[in-house]
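Chemist: For reference, the sequence and a predicted model appear below.
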Amino acid sequence: MIPVSLTIAGSDSGGGAGIQADVKTFQELGTFGTSVLTAVTAQNTLGVHAVQPIECDIVTAQLDAVLSDFTVGAAKTGMLFSAEIIKAVAETLCSYPAFPLVIDPVMIAKGGASLLQQSAIDALKEYLLPNAAVLTPNIPEAETLTGMPIHTLSDMERAAHKLLEMGTQAIVVKGGHRKDTEFAEDLFISNTGERFLLRTKRVETKDTHGTGCTFAAAITAELAKGKPVSEAVTVAKYFIQAAIEDGLSIGNGHGPTNHAAFRLRGHGLSRGVELIEKQ
């Protein structure tokens, strides 16, 4: 039976991020993708032009429809928009058997538009982080969640431990925003003490729209297949690095990544990923 993955996120009409990116990623990694739509955006590679949240009762109806019929192996959250939607999602998930939950704390779009209301940050900490198998913030998101500045690898590690204290089982702090290194370093730490870095050379490209969504979706797909968290995170890094390296060069702004690249390479390892400091 094919594993089932679930995304709870917003729609990107440009197809590079949100549920569109998630479902493409689920398919590429051999799982069946299901979805719960939390918001509709008018969006392309140039930015987010409008956002319309979905009413909470429709969000929960979608979630009930999926979970009452499918055996979901793992799920991820992306753009949740409001405290009301976050609470509704958390309460509904508690009514069903548990499965790994990946939280991508989407706050700001690539073009700078806010995708999470300020009041929702506390709700995210209270209702969803304690139920997370993996949390995948970039540096600005980790700074917002912890209230501390992050400039170095040591800062990333301190922030990761703060976030683990909020209840998440494992965290990947994505280091692409750091300015003190020529590499992009993602730090993985779990509540069992496992720690490693995934280091890549930076790729000169403007086509990075939806990288966070895609990375979290790849983790979700691997967890749905029963892979351990550390292995799921590693495969996801190979997946997103291939997607960035083999860009599509479409659109006039921050273009989408190539979700097919990992498969077209024969699921081979990316040329640019180095696993270091594994403990």
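Modeler: Now that the structure is in, tell me what you want to look at.

Chemist: just for the stretch 151-279 of the chain, where's the confidence low?
Modeler: 268-271, 278-279 (pLDDT under 70).

Chemist: Do a quick rundown of the strands in this structure.
Modeler: With strands called from DSSP state E, the chain shows them at 4-12, 32-44, 47-53, 72-77, 101-103, 134-135, 170-174, 183-190, 195-201, 273-276.

Chemist: right, and those - which one's nearest Val229?
Modeler: The closest of those to Val229 is strand 170-174. By Cβ to Cβ, the value is 5.1 Å. Using the backbone N, CA and C atoms, a C-beta is placed for each residue, glycine as well.

Chemist: Now do Gly266 against Ala232, distance only.
Modeler: As judged by Cβ to Cβ, to the nearest Å, Gly266 and Ala232 stand 20 Å apart.

Chemist: Kindly apply the preceding question to Ile240 instead.
Modeler: 13 Å.

Chemist: Specify which residue of the two has the higher count of neighbours.
Modeler: Ile240 (31 against 26; other Cβ atoms under 10 Å).

Chemist: Run a quick check on the more buried one versus Ala216, I expect a contact.
Modeler: No. With contacts defined as Cβ atoms under 8 Å, Ile240 does not count as touching Ala216, sitting 9.5 Å away.

Chemist: any idea of the pLDDT on Glu91?
Modeler: The model reports Glu91 with a pLDDT of 97.

Chemist: mind listing what it touches?
Modeler: Tyr127 (Cβ atoms under 8 Å, 6 or more residues apart in numbering).

Chemist: Likewise for Asp180?
Modeler: 151-152.

Chemist: what do you get for Leu275?
Modeler: So Leu275 contacts 196-199, 234 (Cβ under 8 Å, 6+ apart).

Chemist: Closest to Asp12 out of those?
Modeler: The closest of the contacts of Leu275 to Asp12 turns out to be Leu198 (Cβ to Cβ; 25.2 Å).

Chemist: now that closest one: how far from Glu274?
Modeler: 7 Å.

Chemist: Name the residues contacting each of those two.
Modeler: Counting by Cβ under 8 Å, 6+ apart, nothing touches both Leu198 and Glu274.

Chemist: So for these two, which sits in the more crowded spot?
Modeler: Leu198 (24 against 13).

Chemist: tally of neighbours for Ala159?
Modeler: Using other Cβ under 10 Å, Ala159 has 24 other residues around it.

Chemist: Phe32 too?
Modeler: 18.

Chemist: Repeat that for Met148.
Modeler: 12.

Chemist: Could you do Gly266 as well?
Modeler: 6.

Chemist: From Ile219, how far out is it?
Modeler: As judged by Cβ to Cβ, Gly266 and Ile219 stand 21 Å apart.

Chemist: Next, the contact list for the spatially closest residue to Arg265 that is not a sequence neighbour, please.
Modeler: Excluding the flanking residues, the one nearest Arg265 by Cβ to Cβ, 6 or more residues apart in numbering is Ala242, at 5.8 Å. Residues in contact with Ala242, defined by Cβ under 8 Å, 6+ apart, are 258, 261-262, 265, 270.

Chemist: and what of Ile54?
Modeler: Neighbour list for Ile54: 37-40, 85 [criterion: Cβ under 8 Å, 6+ apart].

Chemist: Could you report the separation of it from Ile250?
Modeler: 28 Å.

Chemist: now Glu185
Modeler: Between Glu185 and Ile250 the computed distance is 29 Å (Cβ to Cβ).

Chemist: and what of Gln169?
Modeler: Separation of Gln169 from Ile250 (Cβ to Cβ) stands at 37 Å.

Chemist: So between the two, which is more surrounded?
Modeler: Between Gln169 and Ile250, Gln169 has the larger neighbour count (other Cβ under 10 Å), namely 17 against 13.

Chemist: Am I right that that one is in contact with Asn191?
Modeler: Yes. Gln169 is in contact with Asn191 according to Cβ under 8 Å; the separation is 5.3 Å.

Chemist: what about the closest residue to Ser68 other than its chain neighbours, neighbour count?
Modeler: Spatial nearest neighbour of Ser68, chain neighbours left out: Tyr96 (8.0 Å); criterion: Cβ to Cβ, 6+ apart. By other Cβ under 10 Å, the residues close to Tyr96 number 13.

Chemist: same check, this time on Ala217
Modeler: 34.

Chemist: can I assume it is in contact with Gly18?
Modeler: No. Counting by Cβ under 8 Å, Ala217 stays clear of Gly18, with 10.0 Å between them.
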